[in-house]
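> Quick one: sequence plus predicted model below, questions after.
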Amino acid sequence: MAEARPPASSRSEVSLWWPSRVEQGPAPTAELLTIESAGPSPDVRLIRADALTLAAALTREGLAGKIDLVYLDPPFFSDADYVHEARLDGRADGRLTRSLAYEDRWTKKSGGLGAYLDMLAPRLSALAGLIGDTGTFWVHLDWRASYLVRVLLDEIFGKDAFLNEIVWRRAPNLGRQATSGQFGRTLDTILVYGGKDATLVPPTRPEVVPRSAVRFDDEGRPFTTAPRGDYTDASVERLAAEGRILRTATGKVYVKYFLIETGDDEYARERRVDALWTDVPPLRHASPKERTGYPTQKPLALLERVVMAGSKEGGLVLDAFSGSGTTGEAAFRCGRRAILGDRASVAVATSRARLGRAGARVAMQEAVDAEPSTSIPVVAEARRDQEEIEVVLKEPAEPLVWAVDTERAPDAPFVARWSSARSLGKKAEPASLVARVRGTASSVCVRVYTDDGSVGEAEVSVR
């Protein structure tokens, strides 16, 4: 019997009759233009495109079923605008520039929560088709919409594909939250689904054991014990063969857990991390050298845990709402390749600078139908000094990141032979305005990004 559905006229603000009721709009072009090349094997592909266009483009490339991990940190239905703040001097009292990063407003007039879900659902569905049988799919949300997005993911993947609902304590219960007349909303939710053969590899973390509970075996190895609990007799015999069973004179059986020394005569037991993550501090506690000023940036430690738990070394990681590029840096540091996508020019510029500081080889693309970035004038001078070319950037005077290509061929994409980005931290250093690059060309190409996402490029003759 066909499933009964309500008539269109009875649609409430939130429609869960997805996907037949979702108005997806025109199909994306799925065509990307290469802006900057990093050779045949870049560490990170950085693509300015909407998530739906990105999914279509990657599917067209033949990557359907070949992505090892998808992590998404989409808008949270927060009814707020988010502003990127760049401290040009690094100090709290230094000069500050602000740029709109993205909008997350879904008023009742524009459709409210229903419109938000109608935006998100087709993008989740399109991106879901990119993971393979062993791939994992992570969606990071908060209390505003996680309960409904889980329903969408159940429809997309099937309930059997659900792996975990991870709760991350992103902030302490302080200030207005602690006195708001309710329990503090200090948690984020990460929903994890996977292909039919997907598994996660939770990390371990040390748990300090009281010194009074530490014992030593005949070989001097520290250990602590716990009752056998629900271990079967067969399991006890297996553990006994491993030297992990302690039997008392009265016949009681305890399981040994060997410890690691953490210093200062302290010992800890390595415990598997469960679905409650309280040990990853919020970004405010991270080093100033990590904080990009991008709103809603997540800690690098959080994404490193996601990448390590949900993919293997050498795997391919995708983030289609990439923001400041945390996922890309985490993947690079953990020995994975990454594809980052975001429709916002501010996000792309921030990520380009960040990945450059991390030492990653970055290839850049954009959708042919992407809204044009603001273009800025670029003024530079270049002169030959024996086998090197010295390039001096005159304008803009305070770039976020800029690069020089001394070998650009006609109609070929830009290749960064040299680049420099403003550093982060309490004593931020400006990008170097002087480049020295080996080469004998009669002209060089200069490409510049600023904090508000503006881009400029210029061909400069070498004197």
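Cool, the structure landed. Numbering: from 1, shown residues only.
> The most centrally placed residue in the chain: what secondary structure?
Computing the C-alpha centroid of the chain and ranking residues by CA atoms, centre = their mean puts Thr327 first, at 2.6 Å. Each residue gets one of three states, and Thr327 gets helix by DSSP: H, G, I helix; E, B strand; the rest coil.
> Relative to Leu46, how far out is it?
To Leu46, Thr327 is 11 Å away according to CB to CB, to the nearest Å. C-beta: built from backbone N, CA, C; applies to glycine.
> which residues do those two both contact?
Leu340 (CB atoms under 8 Å, 6 or more residues apart in numbering).
> still on that earlier bit, who's in contact with the residue nearest to the centre of the chain?
Neighbouring residues of Thr327 by CB under 8 Å, 6+ apart: 71, 303, 306-307, 317, 319, 338, 340.
> now the residues you listed as JSON lines including neighbour count and pLDDT?
Formatted as JSON lines, the contacts of Thr327 follow (neighbours: other CB atoms under 10 Å; pLDDT from 0 to 100):
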{"residue": "Tyr71", "neighbour count": "28", "pLDDT": "98"}
{"residue": "Leu303", "neighbour count": "26", "pLDDT": "98"}
{"residue": "Val306", "neighbour count": "26", "pLDDT": "98"}
{"residue": "Val307", "neighbour count": "25", "pLDDT": "98"}
{"residue": "Val317", "neighbour count": "27", "pLDDT": "98"}
{"residue": "Asp319", "neighbour count": "28", "pLDDT": "98"}
{"residue": "Ala338", "neighbour count": "29", "pLDDT": "98"}
{"residue": "Leu340", "neighbour count": "31", "pLDDT": "98"}
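> Tabulate the residues you listed (JSON lines), appending distance to Pro410 and secondary structure.
Formatted as JSON lines, the contacts of Thr327 follow (distance: CB to CB, whole Å; DSSP: H, G, I helix; E, B strand; the rest coil):
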{"residue": "Tyr71", "distance to Pro410": "38", "secondary structure": "strand"}
{"residue": "Leu303", "distance to Pro410": "39", "secondary structure": "helix"}
{"residue": "Val306", "distance to Pro410": "42", "secondary structure": "helix"}
{"residue": "Val307", "distance to Pro410": "39", "secondary structure": "helix"}
{"residue": "Val317", "distance to Pro410": "34", "secondary structure": "strand"}
{"residue": "Asp319", "distance to Pro410": "34", "secondary structure": "strand"}
{"residue": "Ala338", "distance to Pro410": "30", "secondary structure": "strand"}
{"residue": "Leu340", "distance to Pro410": "29", "secondary structure": "strand"}
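> Distance to Thr199 added to the residues you listed, as TSV?
Output for those, formatted as TSV (distance: CB to CB, whole Å):
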residue	distance to Thr199
Tyr71	17
Leu303	19
Val306	14
Val307	15
Val317	17
Asp319	21
Ala338	21
Leu340	25
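> And the furthest pair within these?
Spatially, the most separated pair among the contacts of Thr327 is Val306 and Leu340, at 14.3 Å (CB to CB).
> packing partners for the longest strand seen in the chain?
Assignment by DSSP state E gives strand 131-141 as the longest strand of the chain. Using 3 or more CB pairs under 8 Å, 6 or more residues apart in numbering; DSSP states H and E as the contact test, the elements touching strand 131-141 are strand 67-72, helix 112-128, helix 146-157, strand 187-194, helix 300-310.
> Keeping just the C-alphas, turn that strand into PDB.
Provided in PDB are the C-alpha atoms of strand 131-141 (Å, rounded to 0.1, in the frame of the first residue of the first chain):
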ATOM      1  CA  ILE A 131      31.500   7.800   1.000                       C
ATOM      2  CA  GLY A 132      32.300   4.100   0.300                       C
ATOM      3  CA  ASP A 133      31.500   1.000   2.300                       C
ATOM      4  CA  THR A 134      34.100   1.700   4.900                       C
ATOM      5  CA  GLY A 135      33.500   5.500   4.900                       C
ATOM      6  CA  THR A 136      32.300   7.500   7.800                       C
ATOM      7  CA  PHE A 137      30.000  10.600   7.800                       C
ATOM      8  CA  TRP A 138      30.100  13.100  10.600                       C
ATOM      9  CA  VAL A 139      27.700  16.000  11.100                       C
ATOM     10  CA  HIS A 140      28.400  18.600  13.800                       C
ATOM     11  CA  LEU A 141      25.400  20.500  15.300                       C
END
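> Quickly run through the sheet partners of it, with directions.
Strand 131-141 has these partner strands in its sheet, going by DSSP bridges: strand 67-72 (parallel), strand 187-194 (antiparallel).
> just how off-centre is whichever helix or strand comes after the first one within its chain?
Sequence-wise, the next helix or strand beyond strand 67-72 is strand 80-87, with elements assigned using DSSP states H and E. Taking CA atoms, centre = their mean, to the nearest Å, the mean C-alpha location of strand 80-87 is offset from the chain mean by 18 Å.
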